[in-house]
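[1] What follows is a predicted structure for the sequence shown.
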Amino acid sequence: EAGVTQFPSHSVIEKGQTVTLRCDPISGHDNLYWYRRVMGKEIKFLLHFVKESKQDESGMPNNRFLAERTGGTYSTLKVQPAELEDSGVYFCASSQDQLAGFYNEQFFGPGTRLTVL
Amino acid sequence: QQQVKQSPQSLIVQKGGISIINCAYENTAFDYFPWYQQFPGKGPALLIAIRPDVSEKKEGRFTISFNKSAKQFSLHIMDSQPGDSATYFCAARAMSGSARQLTFGSGTQLTVLP
């Protein structure tokens, strides 16, 4: 079974440019999460989709970040315009339907390393 | 404000030694505590997890110790091997309510010397 895939693996852009990151979750996983790790710090939650709907976007830093999940399949995270502090590794994770009181493991992709110069 | 604090930031252990990584949390709504292992170029992968109704969970060489009153939990790696060299993240999650995201610690870079 294919795992979570992310594209690109690396992206180097200049301040003010736009970048779009893509995540393909494990087939059949309704839950999709975006996280970000800034160098040396904790992995921070950005947002959570259930199918195509945004369940929780409380972690999105500001309105320069836009996430979409078309048709409840793959997701994109667009940063426009990018700033220096947006540099970091962006992880995507997916999980199956949540059953009450149980934990469904989140499977992580390899991440996209974004560098804003 | 960081809700899960992890230490040490880096750890060097000789092969065969015991690696210990500690985490502390503030949010009493957390009731699921996983540890993730990340190798270079890969995403974090679930290693072992514990619910607070038990004080210890062991899987092979990996053990989680949990102290609910102190709001602390730790990962012990017995007989550490060079292949265990990786970044380890503790995490926490509230099982109730609508929030489903993981709250992570800042990570520990473990190096096991041959």
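    Structure's in. What do you need? Keep in mind that what you see is a predicted model, and the values were worked out from it rather than measured.
[2] For chain B, which segments count as strands?
    If DSSP state E is used as the criterion, the strands of chain B fall at B:4-7, B:10-14, B:19-25, B:33-38, B:45-50, B:56-59, B:62-67, B:72-77, B:86-92, B:103-104, B:108-113.
[3] Serialize those strands to CSV and add fields for mean pLDDT, mean neighbour count and distance to chain A.
    C-beta: built from backbone N, CA, C; applies to glycine. CSV is the format used below for those (pLDDT from 0 to 100; neighbours: other Cβ atoms under 10 Å in any protein chain shown; distance: least, Cβ to the nearest Cβ, whole Å):
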stretch, mean pLDDT, mean neighbour count, distance to chain A
strand B:4-7, 96, 19, 7
strand B:10-14, 97, 14, 10
strand B:19-25, 98, 20, 11
strand B:33-38, 96, 22, 8
strand B:45-50, 95, 17, 5
strand B:56-59, 95, 12, 13
strand B:62-67, 96, 18, 14
strand B:72-77, 98, 20, 15
strand B:86-92, 97, 23, 6
strand B:103-104, 95, 23, 4
strand B:108-113, 98, 17, 9
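[4] Would you reformat the ones you listed as a markdown table and include distance to residue A:9?
    Written out in a markdown table, the entries for the strands of chain B read as follows (distance: least, Cβ to Cβ, whole Å):
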| stretch | distance to residue A:9 |
| --- | --- |
| strand B:4-7 | 26 |
| strand B:10-14 | 25 |
| strand B:19-25 | 28 |
| strand B:33-38 | 15 |
| strand B:45-50 | 17 |
| strand B:56-59 | 31 |
| strand B:62-67 | 29 |
| strand B:72-77 | 28 |
| strand B:86-92 | 17 |
| strand B:103-104 | 21 |
| strand B:108-113 | 21 |
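[5] Figure out which of the ones you listed is closest to residue A:3.
    strand B:45-50 (9.5 Å; Cβ to Cβ).
[6] Contact partners for the residue of chain B found nearest chain A?
    Proximity to chain A, evaluated over chain B using Cβ to the nearest Cβ, is greatest for residue B:43 at 3.3 Å. Residue B:43 is in contact with A:4, A:91, A:93, A:107, A:108, A:109, A:110, A:111, counting by Cβ atoms under 8 Å, 6 or more residues apart in numbering or on different chains.
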